[in-house]
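Student: any chance you can model this:
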Amino acid sequence: MTTKEESKPASAASPCAESQALAELNQRSARLGVWEVGIFCPHIHEWKWTDKKSQSEKSGAEFRCILVSVRDASQYVIAHINMRSDNREPLKKAETKFKADLKFRISKVALGSSVKQEYLHTPIKLKIDLAKTTVEALLQQKQGETVQACPSMSIKDCKKLQQTQRFDVTALMDELAEVRSVNATRQVISVTIIDDSGDDGKPGQLTFAFFMNLPLNKADAATMDILQQAKASKLKQVFSFFALQGKKTDKGYSFEADSKKEFFIVKAVGSKAERLTQDAESLQAVPKENRDVLQQTCRDYENEPGTQTLCKLLSDLSVTTDIQKLNEKTTLWQANWVEVGWPEGDTLLKKDGSQLWFQTSLRDLSGQVVNAWMNEKSALSLSGLTDKEAFIESFTEGNQIFPIMSTVKVTREIKSSKDDSNVSQSADDKTSQKFVNLVIVHAADQPWSEAPTKAALEMIPLLPDLQDDTSCILPAALHMVETSPQYAFTVACTSISDNKKIFLPCQKVLALVRSSKNSKPSVLGNGFKLITPGVEDLLSTLDSDGLAGQMTHTLSSICTLSNLPQYKLDPPRAGKQNALVMITAKSEDSFVVESVQFLNSDEVAEVKQSLLKLLHLAMHIHGRDRKRAVAWSDDFSPLTARKCSRVGGSPADVILPDP
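Tutor: Alright, predicted model coming up:
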């Protein structure tokens, strides 16, 4: 134990200058002033982490407590003693010495030099190193006298948060939801609290989530006991909630508490607690619709213009850049004529199980982005399903959830990679890496009549990667499609610049077809294989030999009994079946179909014209000059592209010609 102490009895400190208010503590005054404080919430905090080099699991620990000003319990600060190497003896000595409710005089205070503010929930945004601070014990006052921090922050004050920040608040427990399972090893419970800080005399209201790992550790079990006892007493008790976390979004707030951090609850004391206890009945009697509820205000992504983009650009934007304008705030992007992939993995829900939330991929004629998240509103809107249960059931049954072509709006936000749940605050001074979070916040069926305009050509010079993305989807007539040993397909086109034949590699082909014959099913393992012969290609035109328009093709697909109707191209009586199909391979003489979207006769002409414009754009993208490298800047980046005023529509401009 290396705490600096004078050679006087531990029970009585020598007379000294009058102590200062804890709010006066700063880097300059720390070595000069004297402060009288009490010990609150002392404990040894332990954590585990993985060494990046050896990939071995290691453990760490430190002694932590909160120092509360004797003069003013609303002023308090975090203090700690780090473990050196694997020696935990100083931590045990600190735990013995700095017991709860004891009081000390501190001077020559040592402060942490690089503590991140967002981790500090206390009103004094500093961290004291007790091992390097002079500490003298004070004579204890009355027997049974306790030391407890009294948070002065109100629910209304949470609105003033400008960034992710931990904070403390004293409030009245108002509602406790039932415990919900997140997964086999994790549970969550929603807690609603109120106080008297709302606008126009209304109660202020805040709901947060308390997470617990199973089996419950000692701290989580104690917290649950407090919550359940409060519920049993009809929620008339006032508590102080420590280390909640608030996060400001672009146009609102969201709040959460995580049991793995410093979060804990105690029964509140002080004048605010007394006031709220006295007013509890009248505050809780106010209907929820008349309260000042602190909640996230959602942006209207559907009607907010997004900057036009391509999947290839989104893929390049999925990593951090040095462009300040791309980093300073969350940006909104719109991509049209996009394939939204099936959810990746088996996890379709948020950690608390409350909403759909999963990772998926986006693919268009420029390439693919594979790490986009999708929220519940977008997933339900795109699938046409009513709720998350219906979505999960449909996904489990292997149904075609999303349309063959979609329009999406995606937010791009810079986040920190710090994993606070598994590291201690002593690691807060380490430089945290940044990463990009792409989230699909709005999605809809692609309007068939919305073909790309010449404004789309303005995005091509922004593509910094000089190599073609061969994972792209290309619209094509089937006679243009050739299999390749290097790629899934190549599409043979005539170069726009010099009329030479060029071959564009791609992963999938989008084709417009018409069937006049029934699909023929045959049993295949646990499903069926469908063969549809004599299919017409509606993108074909007479070539120089006059043959393309006369060709027919065979399509095959594999499906289950339940989703077989989604793949059968049987024509209606005395008619023909039109469809947009996604082709992934060619097996012998058949094109392998992954998904089908049926079209009525009125839609065919619109779809055909749009696909021809898309092919023209694809030829520009993949036939661009690859000799010149592209460097983004504040004045030349994807943000300089024009915005889309309509969902699924390109910026207003001249329509692209046919290829």
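Student: now do the buried residues in the helix or strand hosting Gln597.
Tutor: Here Gln597 sits within strand 590-599, counting by DSSP states H and E. The neighbour-count check on strand 590-599 (16 or more other Cβ atoms under 10 Å) flags Ser590, Phe591, Val593, Glu594, Ser595, Val596, Gln597, Leu599 as buried. For glycine as for every other residue, the C-beta is placed from the backbone atoms N, C-alpha and C.
Student: what does stretch 438-447 give?
Tutor: Buried residues in stretch 438-447, defined by neighbour count with 16+ other Cβ under 10 Å: Leu438, Val439, Ile440, Val441, His442, Ala443, Ala444, Asp445, Gln446, Pro447.
Student: do stretch 33-52 as well
Tutor: Going by 16+ other Cβ under 10 Å, stretch 33-52 has these buried residues: Gly33, Val34, Trp35, Glu36, Val37, Gly38, Ile39, Phe40, Cys41, Pro42, Trp47.
Student: show me those that map onto strands.
Tutor: Mapping the buried residues of stretch 33-52 onto strands (DSSP state E) picks out Val34, Trp35, Glu36, Val37, Gly38, Ile39, Phe40, Cys41, Pro42, Trp47.
Student: the residue lying closest to the fifth one once chain neighbours are set aside and Arg71: what is the separation?
Tutor: Read that as Gly38. With Cβ to Cβ, 6 or more residues apart in numbering as the criterion, Gly38 has its nearest non-adjacent residue at 3.1 Å, and that residue is Val147. Counting by Cβ to Cβ, to the nearest Å, the gap from Val147 to Arg71 is 12 Å.
Student: please enumerate the helices of the protein.
Tutor: Secondary structure of the chain (DSSP state H): helices at 89-97, 218-232, 271-278, 280-284, 311-317, 324-327, 376-383, 388-396, 601-622.
Student: what's the mean pLDDT across the second one?
Tutor: I take that to be helix 218-232. Mean pLDDT, computed over helix 218-232, is 89.
Student: other residues contacting it?
Tutor: Residues from elsewhere that reach helix 218-232 (Cβ atoms under 8 Å, 6 or more residues apart in numbering): 173, 176, 189, 191, 210, 212-213, 216, 237, 239, 259, 263-267.
Student: what's the neighbour count on Ser366?
Tutor: Neighbour count of Ser366, defined by other Cβ atoms under 10 Å: 28.
Student: okay, now the unreliable bits of the stretch 501-650 of the chain?
Tutor: In the prediction, the stretch 501-650 of the chain carries residues with pLDDT under 70 at positions 541-550, 624-629.
Student: give me that answer again for 50
Tutor: Where the stretch 501-650 of the chain drops to pLDDT under 50, the residues are 542-546.
Student: show me the buried residues of stretch 438-447 that map onto strands.
Tutor: Leu438, Val439, Ile440, Val441, His442, Ala443, Ala444, Asp445.
Student: is it true that the third one touches Lys377?
Tutor: This points to Ile440. No - using Cβ atoms under 8 Å, Ile440 is not in contact with Lys377; the gap is 9.6 Å.
Student: now do Ser406 against Glu24, distance only.
Tutor: Counting by Cβ to Cβ, the gap from Ser406 to Glu24 is 59 Å.
Student: and these two? which has more neighbours close in?
Tutor: Ser406 (23 against 14).
Student: Gln400 versus that one, what's the distance?
Tutor: 13 Å.
Student: do the same with Ile66
Tutor: Counting by Cβ to Cβ - Ile66 and Gln400 are separated by 56 Å.
Student: what does Thr185 give?
Tutor: Counting by Cβ to Cβ, the gap from Thr185 to Gln400 is 33 Å.
Student: so for the two, which sits in the more crowded spot?
Tutor: Using other Cβ under 10 Å, the more surrounded residue of Thr185 and Gln400 is Gln400, with 18 against 10.
Student: confirm for me that the more buried one is in contact with Met582.
Tutor: No - shown here, Gln400 and Met582 do not form a contact pair, counting by Cβ under 8 Å, at 9.9 Å.
Student: now for those two: what residues contact both?
Tutor: Joint contacts of Gln400 and Met582 (Cβ under 8 Å, 6+ apart) are Ser595, Val596.
Student: in the protein, what helix or strand scores lowest on average pLDDT?
Tutor: The least trusted helix or strand in the chain, going by mean pLDDT, DSSP states H and E, turns out to be strand 252-256, with a mean of 58.
Student: still on that earlier bit, name the nearest of the buried residues of stretch 438-447 relative to Lys127.
Tutor: Val439 (33.4 Å; Cβ to Cβ).
Student: against Asp316, how distant is that closest one?
Tutor: Distance from Val439 to Asp316, by Cβ to Cβ: 17 Å.
Student: now do Gln20
Tutor: 54 Å.
Student: more neighbours, the two?
Tutor: When Gln20 and Asp316 are compared for neighbours, Asp316 comes out ahead with 20 against 16, by other Cβ under 10 Å.
Student: hmm, Pro464 and the more buried one touching each other?
Tutor: Yes - using Cβ under 8 Å, Asp316 makes contact with Pro464 at a distance of 5.9 Å.
Student: send the alpha carbons of stretch 267-280 over as PDB?
Tutor: Provided in PDB are the C-alpha atoms of stretch 267-280 (Å, rounded to 0.1, in the frame of the first residue of the first chain):
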ATOM      1  CA  LYS A 267     -32.300   4.500  -1.600                       C
ATOM      2  CA  ALA A 268     -32.000   8.200  -1.900                       C
ATOM      3  CA  VAL A 269     -31.300  10.700   0.900                       C
ATOM      4  CA  GLY A 270     -31.300  14.500   1.100                       C
ATOM      5  CA  SER A 271     -33.700  17.300   0.500                       C
ATOM      6  CA  LYS A 272     -34.600  16.300  -3.100                       C
ATOM      7  CA  ALA A 273     -35.400  12.800  -1.900                       C
ATOM      8  CA  GLU A 274     -37.600  14.200   0.900                       C
ATOM      9  CA  ARG A 275     -39.400  16.400  -1.600                       C
ATOM     10  CA  LEU A 276     -40.100  13.600  -4.100                       C
ATOM     11  CA  THR A 277     -41.200  11.300  -1.400                       C
ATOM     12  CA  GLN A 278     -43.700  13.900  -0.200                       C
ATOM     13  CA  ASP A 279     -45.000  14.500  -3.700                       C
ATOM     14  CA  ALA A 280     -44.900  10.900  -4.900                       C
END
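Student: check the burial of Arg309 by counting its neighbours.
Tutor: For the record, residue 309 is Thr, not Arg. Neighbours around Thr309, by other Cβ under 10 Å: 29.
Student: show me what contacts it?
Tutor: Leu317, Trp333, Gln334, Ala335, Val410, Met459, Pro638, Ala641.
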